[in-house]
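Q: sequence plus predicted model, see below.
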Amino acid sequence: MKNNTKKQEMVFGVHPLIELLKAKKRKIYTLYTTKPEPRSLIQIKKYWPQYPVSIQYVKRDVLHKLAGTEDHQNLVALAAPLQINKKFFNPERHKNLVLLDGIQDTRNLGAIIRSAYCTGVDGIILCAKNSAPLNASAIKASAGLAEHTNFYIAPSPKGAIELLKEAGYHIYLTTLDHGTDALSITYKHPLCLVIGNEEKGITKDMYGTKITLPQRTPDISYNASVAAGIFMFLIMNQPAK
């Protein structure tokens, strides 16, 4: 692997590479693949950039080592870093946000990003500590839709809440119990939906309106990413009143 002075991040899989090229927010420097070329490379070449990209042909076990997984679909790339917003969200332009409070699993992170894109959420707030990294695995789990998502990284969940309050967002905390039925609320915009840790839920002493999903029994809950998708769908598709 050539040593490049530019900072690079790994991306792997068919859809992540297609969405990266479609978004046109960052460049691919090197693509590692097998020979003969996988058929999926034909799909990617429909969006192939005009700038030069080095293609390196290697064995599959080399791709396994590069990606740290076998779930790379014979395509591993080194690209410019994913863009992260330096300024906090503007409620006039970003009316619907999601704050992820301690999501640990990269697959859950990716699935939530995917649902956020599909439902029309304007941005996602991540936290610098105790959260799953926004890495190649998370981007793969998002089907590459992280490439089209606005991200902001807050120092902590409580720090994010302070920024949201200062900006004028209404905050809705998702909980397993002791919350208002999410189906019965008229949501006020601009808003931020807070999704908590897979096991512990929302950080203690967070303030906002608590909402919950109806379910068969109170002792078994939805998967975090599934619950997040349902909440986002309900909020983003609530009829105007």
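A: Alright, I've got the coordinates.

Q: contacts only, for the residue nearest the centre of the chain.
A: Most central in the chain under C-alpha atoms, centre = their mean is Ile113, positioned 3.2 Å from the mean C-alpha point. Residues touching Ile113, when contacts are defined by C-beta atoms under 8 Å, 6 or more residues apart in numbering, comprise Ile124, Ala138, Ala141, Ser142, Leu145, Ala146, Thr149. All C-beta atoms are positioned from the backbone trio N, CA, C, and that covers glycine.

Q: nearest residue to Ala79 in space, please, no chain neighbours.
A: Distance criterion C-beta to C-beta, 6 or more residues apart in numbering; nearest residue to Ala79, sequence neighbours excluded, is Ile28 at 4.7 Å.

Q: neighbours of that neighbour, how many?
A: Neighbourhood size, Ile28 [other C-beta atoms under 10 Å]: 21.

Q: pretty sure Tyr29 sits against Pro81.
A: No. Applying C-beta atoms under 8 Å as the test, Tyr29 and Pro81 come out as separate, 11.4 Å apart.

Q: hey, what's in contact with both of these two?
A: Gln8.

Q: re the thing from before, the residue nearest to the centre of the chain in helix, strand or coil?
A: Following DSSP: H, G, I helix; E, B strand; the rest coil, the label given to Ile113 is helix.

Q: redo the contacts of Ile113 as a markdown table? Include secondary structure, distance to Tyr222 and pLDDT.
A: Output for the contacts of Ile113, formatted as a markdown table (DSSP: H, G, I helix; E, B strand; the rest coil; distance: C-beta to C-beta, whole Å; pLDDT from 0 to 100):
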| residue | secondary structure | distance to Tyr222 | pLDDT |
| --- | --- | --- | --- |
| Ile124 | strand | 19 | 98 |
| Ala138 | helix | 20 | 97 |
| Ala141 | helix | 17 | 97 |
| Ser142 | coil | 19 | 97 |
| Leu145 | helix | 21 | 98 |
| Ala146 | helix | 22 | 98 |
| Thr149 | coil | 22 | 97 |
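
Q: pull out the buried residues from the helix or strand of the chain with the lowest mean pLDDT.
A: Scoring the helices and strands of the chain by mean pLDDT, DSSP states H and E places helix 40-45 at the bottom, with a mean of 92. Neighbour-count burial for helix 40-45 flags Ser40, Leu41, Ile44 (criterion: 16 or more other C-beta atoms under 10 Å).

Q: go on, stretch 53-72?
A: Judged by neighbour count using 16+ other C-beta under 10 Å, the buried positions of stretch 53-72 are Val53, Val58, Leu63, Leu66, Ala67, His72.
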